[in-house]
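Trainee: what would the 3D arrangement of this be:
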Amino acid sequence: MTEFTLYTAENAPEEAKPLMADSVAAFGMLPNLHAVMAEAPTLLKGYQVLHDLFQKTSFNAEELTVVWQSINVEHNCHYCVPAHSAIAASMNVDQAIVDALVNKTPLANPKLEVLRETTLAMTRERGVISNEQIEAFFAAGYAKQQLLEIIVGLSQKVMSNYTNHLADTPVDAPFKKFIK
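Mentor: All right, here's what the predicted structure looks like:
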């Protein structure tokens, strides 16, 4: 397997250094994912922008977690599943929601379950989902805006999940306790 560098502020490409500083400011540490992404500063920048934009969507903390973790679990991302479990905990998302997502069991909240089902359909079918799934999404109380906002989260997760698959990114120490 190709080995990827975990860059630091000292050895990163010049264009990546301010982006890495932004990561440290946002997370209180340099996540290994960001250290790997520094190899391609445009990837790191794109990921940071999408992360910020997704958090500004109309989704609340539980819904953000449902979209992120549904995709992470579907993509079998060894890094992002525990990382987003930690993020969910920091956002005070009910642990039962996180557990259901990670364990692929139905969510107790029917609206969140429809969000998960729709996110998985979007992921699996590359955006070509059935009218029945869209109608179920709308019937659950979501609108066209949220249907399109799933794409922002999906785009962000493709960037991180695929990077982690390529680089076999080591899970950061603070996230290890969330490995199932």
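Trainee: just the helices from the chain, written as ranges.
Mentor: For the chain, applying DSSP state H gives helices covering 17-27, 32-37, 41-55, 61-74, 80-90, 95-103, 110-124, 131-139, 144-167, 173-176.
Trainee: so which of those is the most packed in?
Mentor: helix 32-37 (a mean of 25; mean count of other C-beta atoms under 10 Å). (Glycine included, C-beta is placed from N, CA and C.)
Trainee: mind checking how far that helix is from the chain centre?
Mentor: On the basis of C-alpha atoms, centre = their mean, to the nearest Å, helix 32-37 sits 14 Å off its chain's mean C-alpha point.
Trainee: pLDDT on that helix, on average?
Mentor: Taken as a whole, helix 32-37 has a mean pLDDT of 98.
Trainee: before we move on, what about stretch 158-175?
Mentor: Mean per-residue pLDDT for stretch 158-175: 97.
Trainee: out of the helices of the chain, nearest to Phe4?
Mentor: helix 144-167 (3.8 Å; C-beta to C-beta).
Trainee: what does the pLDDT read for the closest residue to Gln145 other than its chain neighbours?
Mentor: Among residues not flanking Gln145 along the chain, Ser58 sits closest, at 6.0 Å (C-beta to C-beta, 6 or more residues apart in numbering). Predicted confidence (pLDDT) for Ser58: 98.
Trainee: what's the burial count for Ser58?
Mentor: By other C-beta atoms under 10 Å, the residues close to Ser58 number 10.
Trainee: go on, Asn11?
Mentor: Asn11: 11 surrounding residues under other C-beta under 10 Å.
Trainee: noted, bye for now.
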